[in-house]
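J.: Structure, please.
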Amino acid sequence: MKNFKEHFVFESIVEMAKREIPFVDNIYRPGSDRYFEFFRETRELWLEGKIELNDINEDIIKTDIGEISKYKGYEVPLDWPMVESIEDWNESLNEEDPELNKPKRGGNKKFYVYVRDPQTKNIKKVSFGDTTGLKVKLNDPKARKSFAARHKCDTRDDKTKPSYWSCRLPRFAKSLGMQVDNPNGWW
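T.: The predicted structure follows:
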């Protein structure tokens, strides 16, 4: 079993290195079992001297990220800054009605958001964002203008479509951990 875990971690590290993804922008869905397992197994391999890490990734691995502990009866992920409170973490695990119209990182794309479909009245998960390693260029005026023109952002008004949320990403940049010079404009 150990060899499988080492293989899984090595493949993940190689993939992240190829795509120039630091561990903090992990390729696994934040909060998933695989996400935390990645950090635990990487830490173990690093402590055994089987892998070398750059300074940024080494700083992350030196924390307790990936470890789970009990606090006031709740299982709590340690050193995981994306969780605002223990109650939010546990509610998100058992959430029947997720928070609507609030984009989050993760899922099968870079971001996702839950919306209510106006026709069916059902809640729908909309995934959006690039998964090939391209970076979001929110503070590059030429890139923003090009993106808005290419995706016809001024005509996007259906919240159930990924294009709607991609065009409005600057408005949600702060809550997604990104910095943006002009949060109110189109891309």
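J.: Going along the chain, name the strands of the protein.
T.: Under the criterion DSSP state E, the chain contains strands at 68-71, 74-77, 104-105, 111-116, 123-128.
J.: Pick out the shakiest of these, pLDDT-wise.
T.: When the strands of the chain are compared by mean pLDDT, strand 74-77 comes last with a mean of 79.
J.: Worst mean pLDDT across the helices and strands of this structure, which element?
T.: Within the chain, no helix or strand scores below helix 86-93, which has a mean of 52 by mean pLDDT, DSSP states H and E.
J.: returning to what we had before: so can I have a markdown table of the strands of the chain showing distance to P162 and mean neighbour count?
T.: All C-beta atoms are positioned from the backbone trio N, CA, C, and that covers glycine. Converted to a markdown table, those look like this (distance: least, CB to CB, whole Å; neighbours: other CB atoms under 10 Å):
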| stretch | distance to P162 | mean neighbour count |
| --- | --- | --- |
| strand 68-71 | 32 | 10 |
| strand 74-77 | 28 | 16 |
| strand 104-105 | 14 | 18 |
| strand 111-116 | 9 | 20 |
| strand 123-128 | 4 | 16 |
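J.: closest one to P170 among those strands?
T.: Closest of those to P170 is strand 111-116, at 12.6 Å (criterion: CB to CB).
J.: between that closest one and strand 123-128, how big is the angle?
T.: Here strand 111-116 runs at 150 degrees with respect to strand 123-128, directions being taken by axes from the mean of the first three to the mean of the last three CA atoms, to 10 degrees.
J.: So which elements touch strand 111-116?
T.: strand 104-105, strand 123-128 (3 or more CB pairs under 8 Å, 6 or more residues apart in numbering; DSSP states H and E).
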